[in-house]
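Novice: this one's sequence-less:
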């Protein structure tokens, strides 16, 4: 019995090929009667997946041979297939694509971008800079879309939009997806909602989440001189809800999108030549509001003996 | 003068709006004459970028207002624009798209996938699971494409493919991009190279890297009964080289692609209900080849007094 | 005016020194009247800290010059100083030290350890392998200590231990800190609690959390033939609570401790020579429970034109 | 046969105990004759380690039962034991401890610290903030100590210090471990070297690396009015070399040390209440040096149809 030829570090396979026979029974006939064995399936089941099947010469992605997908599906359609298990319709795919295109970047003042830029000056690879940035897209920075999807679901389920708005106001909290810390009116809102309306009109998506978002926006505007428009989190939340994505997965899709900006900024910074870039430009130094300088005092009892 | 209304944690802006006036001079008239000041530009230059300009109500991505890009460019074209600074031609965009589609996954036996699946059972968010996986795509796991681009560049620059192959064989090392640890023939090679050939035929890409790859493949085959075909790293390296991407950026693009599989697997695992999933199925335990059990011995001199 | 001499990548400062004058006013006298300025303090305050003051030739850690601490304080005392702001008493320091010593490792079946071991075979540095492992110590894997501290606080605040136990039983949930997924009796429990009892007896710590933990353990044992002893999370939770650490910070201290095991395992794996180590030994492959192979079907309407 | 009682998410073990029988043969008698099996050892060997043995009721760390180590060894001695495999002498342990104490922090202008502080405002746990910071301690930010150890080794091996200095000067590069981007004279140098000299005098460490460092420092000073003193990287490199740590592991120990500062800063920031903290204080915005605003132009041929 032989298994795939494994190149060890520095030691090549002379043929540089991989003749794999992964399913052969390993030494089944030779094992000592007393040595414990386990069914192979118990081990492989622990790492079983429905996402892909990888065998020598074969890569199935949700059942489709990868060679059929290459050149046939868009990257957005591939993303849908991989996370959902089936291909989207062309309209669904382009709606997802618009949401992914819309959220790629928000500049170096976003901590995910700033941290990735700094990482790129620290001698770690581009992959680590991307990982650094993605790691900062937590509940607070990147989670508003997921939270908004949860609110939309409440309205779709029958709750009154005005009552939900009143509930948030009473807690002195924002309704996630509306208003913005930065943009008076988010430039991404209108084109995204226009695409949703087209999809609703063509019968491709139900329209419930869109209606829910519009009801919340209207309820937020009542009695106010300045509107509280939907922002990017709200618009993409509507898209992901209309497309049937669970809320948590909506956040995962935001991470894929924002990773594009993270990579772009990390790449630019790495080309810029800075080393060990901190948040402040020289010669500024971080501020200090701790204790004045103080001395440790003489060595006391109970203290470890001096080294050496 | 007032600045953007900032929602503090738990304290909302009653209007839930953001009236930002970011460029006003801050208290310039009021500052004490003796307090040090710095030119605002010195600070903002430290975080300056050519990738995007974010101002209240405005998001420019490489100069294009984001609202024009939404619904007009594909996600692959957006990726190209963000990392390169200009939009690709439609043919270039689809070639990039094919490379991104091809590399999304290689299953749970890939450590980047396995680590992300385990992370998803540890109570960290999906973004952290994606970051975990991306962090493992280092020089060794994910770097072969970049190394292959460097070899292709040598051939394009005029070095002889056979001599390069001989040099690697002498060091008992693999020529990156050829052969495979796993697939006798990588199913992604042919469709990707077919797309490159079409693009060369239409004059959209030069064809130099494709020729270089074919020369290397032929040189590797000389005198052997079993060919050493190009693999996914080689095929995508050719694509990225033909499209003019620097080698390091080719690795960054691989990270974006593989993040799709990482997200898909992390999502599947998080839905599966396992908690704190280790690499072995119960009741197996990790092996041990360390010292037999040994005792610390009596308390000795120089040792810290017993606690308490 | 000059600032610190900055070595650019590849371009050294001939003197290899850094003559820093960080507080000089920058071009204050020369700035054009119309160029916006900001008070330097506004910038440095944004990055102000009470933890340390770093100035040329000076490093104050919570007010103490670092040169006074070197050789005088233990690493555990330094950790206490840095996170709490003041030095501990010798007894407090050794109790913290015991908790840190106790939690360093739980073997490769722990996902934080397994993921770090795999990272070490992927060509990322040891720091990235440590980061990978630490990133998996989330709410579920590493959070039980923090949750236990919250339960102890409820008992210390006056709630009845039996009622809390009943509440968890009703929700069919574990009381965090008690029982164990693995050890019938955790070998770390007794030595840690003995150290706490000594500290209580010497009047160094109040003893409230210890009593609370004992009450919970007793309440869990009522009416059962098999006890439900406190585990490592419970014992260290008692220590951190007795020492006055907030619950969230208790988790941070666990991260510092576990990082030691993470580093040790990553180092061992990196010395072992494996490359791109997956979770399964060759020739095993991950299982698959997705769709049977299926074809994409003929190109349909609405689909993007073929590439090229 | 039964295995450890596994609490599934939300489903507790009524006894809240773990009756583990990990070594029982699983259904060995019942398996169908045709089902492939593998020797259990092949699986457990894949995850075998010499660092620790974890069995129900037992935790051996490098052979020592953990309950013997608790309260007996310092955290620094535990770190040595875990990474080296044997306990240090008391003098060796305190020298390591001094190096760990010395390197814990360098303030928010260090990118590892700044990135961790920002992460702490993004709704990820403290463990993720620590992972973020550790991930930035790459070759450039944290690698100088490792590089210095490699230079010391060259001098210890017999190379002339003056020739090595000349070699670096010719390449217009810094000798790692000497001079500093920030401190004219690093306050950590003298106390650390004093501890090394005491250990050399007591015969506990060989003294070769110390001599090598002094020779390099002297060679760097020749013909200069301003000295180029050893810095923290050089002093800790000497310590780690004298203690026999491989260079790469020296960097790992620096990561453990710096994680203390990273945790402290992340904790302080998380208590401060900021949310989604970027690098610039409001109302400043990141600078922009990209293209002026430009329009996408009319929809062209080859472009995907409008969505919907």
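Specialist: Looks like it came in fine. Note that the coordinates shown come from a computational prediction; the quantities given were computed from them, not determined experimentally.
Novice: mean confidence for the helix or strand harbouring residue A:94?
Specialist: For residue A:94, the element it lies in under DSSP states H and E is helix A:90-102. What helix A:90-102 shows for mean pLDDT is 97.
Novice: near chain C, anything from that helix?
Specialist: Yes - remark: helix A:90-102 sits within contact range of chain C at A:90-91, by C-beta under 8 Å from any C-beta of the partner chain. No exception for glycine: its C-beta is placed from N, CA and C like everyone else's.
Novice: touching chain D at all, the helix or strand following that helix?
Specialist: Using DSSP H and E, the helix or strand that directly follows helix A:90-102 along the chain is helix A:111-119. Yes - using C-beta under 8 Å from any C-beta, helix A:111-119 reaches chain D at A:111-112, A:114-115, A:118-119.
Novice: could you identify the helix or strand that succeeds helix A:111-119?
Specialist: helix A:126-135.
Novice: which strands and helices sit next to that next one?
Specialist: Using 3 or more C-beta pairs under 8 Å, 6 or more residues apart in numbering or on different chains; DSSP states H and E, the elements in contact with helix A:126-135 are helix A:111-119, helix A:247-272, helix B:126-135, helix B:247-272, helix D:126-135.
Novice: quick one: which of the ones you listed is nearest residue D:39?
Specialist: helix B:247-272 (27.4 Å; C-beta to C-beta).
Novice: just the angle between the closest one and helix B:90-102, please?
Specialist: Here helix B:247-272 runs at an angle of 50 degrees relative to helix B:90-102 (axes from the mean of the first three to the mean of the last three C-alpha atoms, to 10 degrees).
Novice: does any part of helix B:247-272 sit near chain A?
Specialist: Yes - using C-beta under 8 Å from any C-beta, helix B:247-272 reaches chain A at B:248-249, B:251-253, B:255-256, B:259-261, B:263-268, B:270.
Novice: give me the nearest residue to residue A:93, chain neighbours excluded.
Specialist: Nearest residue to residue A:93 in three dimensions, chain neighbours excluded: residue A:77, at 4.4 Å (C-beta to C-beta, 6 or more residues apart in numbering or on different chains).
Novice: who touches the helix or strand containing the one you found?
Specialist: Using DSSP H and E, the element containing residue A:77 is helix A:75-84. Helix A:75-84 has contacts (C-beta atoms under 8 Å, 6 or more residues apart in numbering or on different chains) with A:51, A:61-62, A:64, A:69, A:73, A:87-88, A:92-94, A:96-97, A:100, A:245, A:249, A:252-253, A:256, B:74-76, B:79, B:97, B:100-101, B:104-105, B:260-261, B:263-264, B:267.
Novice: can we see that at 7 Å?
Specialist: Helix A:75-84 is contacted by residues A:51, A:61-62, A:69, A:73, A:87-88, A:93, A:96-97, A:100, A:249, A:256, B:75-76, B:97, B:100-101, B:104-105, B:260-261, B:263-264, B:267 when judged by C-beta atoms under 7 Å, 6 or more residues apart in numbering or on different chains.
Novice: for the stretch 51-200 of chain A, which residue gets nearest to chain C?
Specialist: Going by C-beta to the nearest C-beta, chain C is nearest to residue A:63 of the stretch 51-200 of chain A, at 3.4 Å.
Novice: I am finished for the moment; much appreciated.
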